[in-house]
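1. pasting the sequence and the predicted model now:
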Amino acid sequence: MPPLLNEIVQTDPALGILRHAALLAEAEGAPDDEELDLLYRQTDAGFLLDLAPARVWPELARGLMGSAPAKMLGNLRECGALEQILPEVEALFGVPLLSDQPGEVDLGEHVLASLDEASFCEAPLAVRFALLTMHVGKADSPKEHLPVHYKHIERGCPRVEAIAARFAAPADCRELALTALAESERVHRVSKMRAGPVALMLERLGAFDAPDVFARLMTVCACDYRAFPGRTRAPYPKAALLETARAACADIRDDGTEATREARAIAIARAFQSLRWADED
């Protein structure tokens, strides 16, 4: 055991579980059974149950920002720790998610794949937190509707809020996760045939006045898109579409009036070569 990890384990075994899972994720290959068994015994002993969530956060954030966040979460799941610190995410495993490929995908595995994509593009912590939490409202979707998840946003919003509050996560993590929950499916469905709603979406998402926040949301949506089978590292067409729309509005002065919105819709329609600019979403 590395000296630093040994010191952490001796000082606080609970933090040692989290750090050990993250370090194992950084190593090449799968962790051996002995190491996983050690993590399981420590978790089963209840070390994590009395650990204040605010103390969990630095270790969780460190693992999320590592080169293998999905592997780290897999290690925590393997030893039973994920169920104790993030039961909302643990509950996603085994839940079906609709895919445009034949068959369905496991929602928990989809979250892990999206985090791998986030690591590949060196996404910031807020993006990775959003990907970790944005699907938590789907864990208990009515079985008769699966693999469709009706009203998951209504269920997910208080859960994302609770996770962020529990860990005292930074405000930008909470805010991006809530925005991704509310808007990602709309982004995935955006069409060049409806320039009016695209203009309203860009305004709502801060594309004109908060470009950094908008860019992070596009990264979340791209990683979520690429997590589906056959899309690993693939270009995200909706991001390109929205960038075309945003660029078309670059020279339009924003005076906060309906005239500005109309001018943007017309500019986007021209860029899209579409006349259907007045439709509302």
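-> Sure thing, it's come through.
2. how about the residue nearest the centre of the chain, nearest residue that isn't a chain neighbour?
-> In the chain, the residue lying closest to the centroid (C-alpha atoms, centre = their mean) is Leu131, at 0.9 Å. Leaving out its chain neighbours, the residue that sits closest to Leu131 by C-beta to C-beta, 6 or more residues apart in numbering is Ser114, at 4.5 Å. To be clear about C-beta, it is placed using only N, CA and C from the backbone, and glycine gets the same treatment.
3. any idea which helix or strand carries Leu176?
-> Assignment of secondary structure by DSSP states H and E places Leu176 within helix 171-189.
4. pull that helix out as CSV, backbone CA atoms only.
-> What follows is helix 171-189, C-alpha atoms only, in CSV (Å, rounded to 0.1, in the frame of the first residue of the first chain):
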residue,chain,number,x,y,z
ALA,A,171,-22.7,25.9,-7.0
ASP,A,172,-21.6,25.5,-10.6
CYS,A,173,-21.8,21.7,-10.3
ARG,A,174,-25.3,22.0,-8.9
GLU,A,175,-26.5,24.5,-11.5
LEU,A,176,-25.1,22.7,-14.5
ALA,A,177,-26.6,19.4,-13.3
LEU,A,178,-30.0,20.9,-13.0
THR,A,179,-29.7,22.6,-16.4
ALA,A,180,-28.6,19.3,-18.0
LEU,A,181,-31.5,17.5,-16.4
ALA,A,182,-34.0,20.0,-17.8
GLU,A,183,-32.5,20.7,-21.2
SER,A,184,-30.3,17.8,-22.5
GLU,A,185,-33.2,15.9,-24.1
ARG,A,186,-34.3,19.1,-25.8
VAL,A,187,-30.8,19.6,-27.1
HIS,A,188,-30.7,16.0,-28.4
ARG,A,189,-34.0,16.6,-30.3
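5. identify each buried residue in the helix or strand just after that helix, please.
-> For helix 171-189, the following helix or strand on the C-terminal side (DSSP H and E) is helix 195-204. In terms of neighbour count (16 or more other C-beta atoms under 10 Å), helix 195-204 has its buried residues at Ala195, Gly196, Pro197, Val198, Ala199, Leu200, Met201, Leu202, Glu203.
6. ok, back up a step: quick one, grab the pLDDT at the residue nearest to Leu131.
-> Note for Ser114: predicted pLDDT of 98.
7. other SSEs contacting whichever strand or helix holds it?
-> Using DSSP H and E, Ser114 sits in helix 107-120. For helix 107-120, the packing partners by 3 or more C-beta pairs under 8 Å, 6 or more residues apart in numbering; DSSP states H and E come out as helix 69-78, helix 87-90, strand 96-98, helix 125-133, helix 211-226.
8. with respect to burial, which of those scores highest?
-> Comparing the helices and strands packed on helix 107-120 by mean neighbour count (mean count of other C-beta atoms under 10 Å), helix 125-133 ranks first with a mean of 26.
9. returning to what we had before: any idea which of the helices and strands packed on helix 107-120 scores lowest on pLDDT?
-> Across these, strand 96-98 gives the lowest mean pLDDT, at a mean of 90.
10. that one: how far from the chain's middle?
-> 16 Å (C-alpha atoms, centre = their mean, to the nearest Å).
11. and that strand, what does it pack against?
-> strand 104-106, helix 107-120.
12. which of those sits most buried?
-> helix 107-120 (a mean of 22).
13. list the contacts of that one.
-> With C-beta atoms under 8 Å, 6 or more residues apart in numbering as the test, helix 107-120 has contacts from 64, 66-70, 73-74, 89-90, 92-97, 127-128, 131-132, 135, 138-139, 219, 222-224, 226-228, 232-233.
14. let's go with 6 Å and repeat that
-> Residues outside helix 107-120 that contact it (C-beta atoms under 6 Å, 6 or more residues apart in numbering): 67, 69-70, 92-93, 95, 97, 127-128, 131, 135, 138, 223-224, 226-227.
15. quickly note the distance from Asp37 to Val148.
-> Asp37 is 39 Å from Val148, where distance means C-beta to C-beta, to the nearest Å.
16. no wait, Pro31
-> Distance from Pro31 to Val148, by C-beta to C-beta: 36 Å.
17. compare the two (neighbour count), which wins?
-> More crowded of Pro31 and Val148, by other C-beta atoms under 10 Å: Pro31, with 21 against 13.
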